[in-house]
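[1] Pasting the sequence and the predicted coordinates here, then a few questions.
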Amino acid sequence: MAKDKMSEGNIRQKNKALILNAAKKEFVTYGFKGASIKRIAERANIARANIHYYFKDKTDLYQQLLSNIIEVWNTDYDTLNADHEPKAALSAYIRSKVMHSKNDPDASRIFASELIHGAPVLNEYLNSDFKVWLNNKVAVIEAWISQGLIDNVNPHHLLFLIWSSTQHYADFNVQVVAALNKDAMNDDDFEEVVASLTQIILKGCGIR
């Protein structure tokens, strides 16, 4: 019985992951309004009815996809803690954000599209959990400033700069590769992005 429940749980988890991955491709291609549950099912190679077994409707699927994206960003790609030395912490944060743009650009594009359209789904999050998370990171940067570890920069604008500069390579990749006269960015290109942004941002914070 326990094995059956575990097997059922694994199947459920696997199917939800397949659907969410397919939905990511669909939403980034067509946007929320143009996205189709039928095409998502075809992308995931599962019956359309199975999607409604896991998600109430397209809105529910979109909401859960956005929640998953945010959860990853706020955990796996978060090194800004008060007990970390700012040079190492900021360098790691910049690298992780650039690598996220490299490895999962669709997530960044979906998030950007949601905000560009006025954040109809994320509005509640932006005014609740997001502010708690942001205020915590601002407090970390303010602590570094008060200890004389970095220059007296505006913590909010420092974070905005990191987000915008790193996510640029996902959201505006078509423009980037055209400007660089490339068909696509390779591993060395992304390493150069990390090195350049790290140098510029750390120097701007007075970190040597």
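    Perfect, I can see it now. Numbers count the residues shown, from 1 in each chain.
[2] going forward, measure contacts between C-alpha atoms and count neighbours the same way
    Noted.
[3] residues near V153, how many?
    V153 is flanked by 14 other residues according to other Cα atoms under 10 Å.
[4] How about it: what's its closest non-neighbour residue?
    C205 (6.6 Å; Cα to Cα, 6 or more residues apart in numbering).
[5] gap between that neighbour and E26?
    40 Å (Cα to Cα, to the nearest Å).
[6] can you check I145 too?
    43 Å.
[7] the helices in the protein, which residues?
    Using DSSP state H, the helices of the chain run over residues 2-34, 37-44, 48-54, 58-75, 86-103, 105-116, 123-126, 129-146, 155-171, 173-179, 187-204.
[8] can you redo those as TSV with mean neighbour count and mean pLDDT?
    Shown next, in TSV, are the helices of the chain (neighbours: other Cα atoms under 10 Å; pLDDT from 0 to 100):
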stretch	mean neighbour count	mean pLDDT
helix 2-34	15	82
helix 37-44	17	94
helix 48-54	15	90
helix 58-75	15	90
helix 86-103	20	95
helix 105-116	19	95
helix 123-126	13	93
helix 129-146	16	94
helix 155-171	17	97
helix 173-179	13	98
helix 187-204	14	98
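[9] can you list the domain ranges for this structure.
    1-56, 76-204 (automatic domain parsing).
[10] okay if I get the ones you listed as TSV plus distance to L65?
    Below are these laid out as TSV (distance: least, Cα to Cα, whole Å):
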stretch	distance to L65
domain 1-56	6
domain 76-204	9
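[11] Figure out which of those is closest to Q63.
    domain 76-204 (6.7 Å; Cα to Cα).
[12] chain center to that closest one: distance?
    Relative to the chain's own centre, domain 76-204 is displaced by 9 Å; criterion: Cα atoms, centre = their mean, to the nearest Å.
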